[in-house]
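**Q** Coordinates only, no sequence provided:
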């Protein structure tokens, strides 16, 4: 396998300050995913020497809402200098704005044609912004069953349809297999269909959102399918450690993740 492996510093080693979490992940040979970088010591993160694969790419508005889509673009533009300082490759966006606990700021339970058109046009604008600054915006699929109720156009088939319709190298899909398993299943066929538009893949097991081997997804088979399909990009562990917040639990989670995707 020739994947680049990353781990989300927001979900592991929770007893450590963020910079120390980044150092520990980096020292074990993984790249690092971040969420909201506002208020963070960016210079200290750079000084860790870690390679950062992705970060949140907006902090307000909804891609699919005509009344607030401009907020997505404005906030994305404000975050680009941070992404460039960190050497970030992908800035992650969602179909709609997430609030506390990942809940929809403005819940919507039925998608409309206007939402589809607005989402596509917003992504086209992000594509132009990304091309100008040399970054890629990655639209992440979410599950609305458990973690993100009220987010429209969140299923993997919807985010794939939007990204493929835009068909621009600076807009790609953040394919989250944890969310896809809860909402849709049939992961290997999904990978094959999405492959031309995948910017990065995120993983966690189901149920529990912990490391591979703790739930129902056979990530060894997923890894094999990815290799056979020709994917050689980043696979990121966006999961909590099954053993809790301690250092040993985090190390165990990373070891299980590596074993699933490197063996």
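**A** Cool, got the structure. Quick caveat: nothing in here was measured; it's all calculated off a predicted structure. Residues are numbered from 1 along each chain as shown.
**Q** Checking the residue nearest the centre of the chain next. Helix, strand or coil?
**A** Taking Cα atoms, centre = their mean as the criterion, residue 174 is the residue nearest the geometric centre of the chain, at 5.0 Å. With DSSP: H, G, I helix; E, B strand; the rest coil as the basis, residue 174 sits in strand.
**Q** my guess is it meets residue 139, correct?
**A** Yes. At 6.5 Å, residue 174 counts as touching residue 139 under the criterion of Cβ atoms under 8 Å. Where C-beta positions appear, they are placed from N, C-alpha and C, glycine not excepted.
**Q** Name the residues contacting each of those two.
**A** residue 92 (Cβ atoms under 8 Å, 6 or more residues apart in numbering).
**Q** can you pull out the helices in the protein?
**A** For the chain, helices defined by DSSP state H occupy the ranges 18-27, 42-47, 69-86, 113-133, 156-166, 177-183, 187-194, 219-229, 247-262.
**Q** most packed of those helices?
**A** When the helices of the chain are scored by mean count of other Cβ atoms under 10 Å, the highest mean neighbour count falls to helix 177-183 (a mean of 24).
**Q** packing partners for it?
**A** helix 156-166, helix 187-194, strand 198-203 (3 or more Cβ pairs under 8 Å, 6 or more residues apart in numbering; DSSP states H and E).
**Q** Distance of the nearest residue to residue 36 once chain neighbours are set aside relative to residue 154?
**A** Spatial nearest neighbour of residue 36, excluding adjacent residues (Cβ to Cβ, 6 or more residues apart in numbering): residue 56 at 5.1 Å. Counting by Cβ to Cβ, to the nearest Å, the gap from residue 56 to residue 154 is 16 Å.
**Q** quick one: residue 108 and residue 96 touch, right?
**A** Yes. Residue 108 is within contact range of residue 96, at 6.9 Å (criterion: Cβ under 8 Å).
**Q** Of all the helices and strands packed on helix 177-183, which one is nearest residue 178?
**A** strand 198-203 (6.3 Å; Cβ to Cβ).
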